[in-house]
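1. Show me how the following folds:
(one chain, ligands or ions: 2)
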Amino acid sequence: MPYEAISLPGRPVALQFGAGNIGRGFIGAVLSHAGFHVVFADVVQKIVDELNEKGQYEVHILNGETKIETIKPVSAIISTDMSAVEDIARHPLSIITTAVGPNILPRLAKPIAQIIRTRMAEGMGPINIVACENLQNATEKLRQALEKELSDEKERLYMQDNIGFAVCSVDRIVPPFSSDNILTSGVEEFFEWTVDSSSLKKTDPDIEIAGMHATSNLDAYVQRKLFTLNTGHAIAAYLGFLDNKDTILEAISDESIHDTVSRALHESGAALVAKYHPFFSHEEHENYINTILHRFSNRHLKDEVCRVGREPLRKLKRGDRLLGPVEMCRERNLEHNTLLTGVAAALLFHPTGVNEDKEATEVQQRIEQEGIEKVVSDLTGWSQDETDLKQVIQEYHRLKGQPSAML
Ligand SMILES: NC(=O)C1=CN([C@@H]2O[C@H](COP(=O)(O)OP(=O)(O)OC[C@H]3O[C@@H](n4cnc5c(N)ncnc54)[C@H](O)[C@@H]3O)[C@@H](O)[C@H]2O)C=CC1
Ligand SMILES: O=P(O)(O)OC[C@H]1O[C@](O)(CO)[C@@H](O)[C@@H]1O
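-> Ligands and ions are numbered 1, 2, ... in the order given. The predicted structure is shown next:
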């Protein structure tokens, strides 16, 4: 269907790339509450058509009571349709956000470069870009991709002066939700969106976004979230998978898995507190861990271990949720054996059938062809006689041999 200019009456505009779980269930909702007309840019025609036809959608807060938020007005474009992208660029746009997944993010350089060019040609003022992905420095990675995409020095200078690139941490559990309406999103009540205030440009219209916490100590928030929520979630998913649990709720309800996840979070927590004290105190962090374990136990969320464990190679990258806290502990000589058990469990994740995961399959193929020692050494950068590498291998064999009496 050819693009028809969308009418956006009166409100400032926010452009959200990705109309998936986090796009609709979290970022789009916060921006809408802050007074924006949210325009989603996605590649799924059906979602784009529905958003345009209905102009609104529902967010169900899944905490045991029936609380429904209606998010409106909203509209949508196809993100690869450059005439639609150009049209949105000419509206009173203040902020561009993304939630498409770390592997897709670089592909957004093309449409966003088009927005920058259009605004430069029209002499339009600053906007902010915030990539809301589970990836450290996602916004900076997008900025680098944009630098490559913009061929002209004049465009790059315009970008430097007019585009704020703010790194953020985004925390709300939003699994796929089953409903008759494909737009309806089901979310936990908790949310935390923390954005680097020092990188934000003043825009026109300039908007205070309630629900977006601006801070200049962003690294601390990003690492606290990634090395606690995501570390615990991933380990629960991988151990749950090995013990034939379908959901995070089933996994975390198992005493031995709960205990292992809790121990891993206390190991990563000791490193986080050591690094960021007094910004995070020991007591505060203890509460933070307990809140997260409680969130995993939300019996109103159906969050599958295969979703949470998806793309294990990305999660096994150095600096991500598994090896990131291990490195933090190693640097400070802190205990990290349970975190190494989590790494070993990730190497055994291999869902099949409808849940097959390309990265998980690749890990299994590499282990078969190259041997577990080489794979762990390549992923971690550790030599094969390193104690931690031997510990991962020992845990790998133990978990492989004892899937149901794991810990
Ligand atoms: N679901 C969650 O609870 C949370 C997810 N995140 C992060 O948010 C990001 C998105 O995750 P989800 O919303 O769960 O994934 P999702 O798969 O539900 O949504 C991604 C959306 O991006 C769209 N997309 C794909 N290619 C695109 C393109 N070229 N242009 C525009 N849209 C495109 C997809 O069609 C889909 O609608 C990931 O980085 C994830 O790590 C962060 C915190 C929570
Ligand atoms: O989205 P990713 O990075 O694949 O990881 C799944 C993670 O995303 C979340 O859905 C939201 O942070 C977590 O629930 C989970 O740890």
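2. and the nearest residue to residue 276 once chain neighbours are set aside, what does it touch?
-> Excluding the flanking residues, the one nearest residue 276 by Cβ to Cβ, 6 or more residues apart in numbering is residue 220, at 4.6 Å. No exception for glycine: its C-beta is placed from N, CA and C like everyone else's. Shown in contact with residue 220 (Cβ atoms under 8 Å, 6 or more residues apart in numbering): 276, 279-280.
3. and which of these is nearest to ligand 1?
-> residue 280 (20.2 Å; Cβ to the nearest ligand atom).
4. are any of the contacts of residue 220 buried, and which?
-> 276, 280 (16 or more other Cβ atoms under 10 Å).
5. Just give me the closest of the contacts of residue 220 to residue 173.
-> Closest approach between these and residue 173, by Cβ to Cβ: residue 280, at 21.2 Å.
6. how far away is that closest one from residue 166?
-> Distance of residue 280 to residue 166, given as Cβ to Cβ, to the nearest Å: 21 Å.
7. and the stretch 101-250 of the chain, which residues reach ligand 2?
-> By Cβ under 6 Å from any ligand atom, the part of the stretch 101-250 of the chain that sits against ligand 2 consists of 134, 171, 173, 229-230, 233.
8. If we use 8 Å, what do you get?
-> Applying Cβ under 8 Å from any ligand atom, we find that the stretch 101-250 of the chain lies next to ligand 2 at 101-102, 133-135, 170-175, 225, 229-230, 233-234, 237.
9. show me which of these neighbour ligand 1.
-> 101-102, 133-135, 170-175.
10. Turn those into CSV, including pLDDT and neighbour count.
-> Listed next are those as CSV, based on pLDDT from 0 to 100; neighbours: other Cβ atoms under 10 Å:
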residue, pLDDT, neighbour count
101, 95, 17
102, 92, 17
133, 95, 22
134, 89, 22
135, 87, 22
170, 95, 23
171, 95, 23
172, 96, 21
173, 95, 24
174, 95, 24
175, 94, 20
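11. So of these, which two are at opposite extremes in space?
-> Using Cβ to Cβ, those span at most 19.1 Å, a distance reached by 135 and 175.
12. Would you quantify the distance from whichever residue of the stretch 1-150 of the chain sits closest to ligand 1 to residue 27?
-> Using Cβ to the nearest ligand atom, the closest approach of the stretch 1-150 of the chain to ligand 1 is made by residue 20 at 1.8 Å. Per Cβ to Cβ, residue 20 is found 10 Å from residue 27.
13. Please identify which of those two sits among more neighbours.
-> residue 27 (30 against 17; other Cβ atoms under 10 Å).
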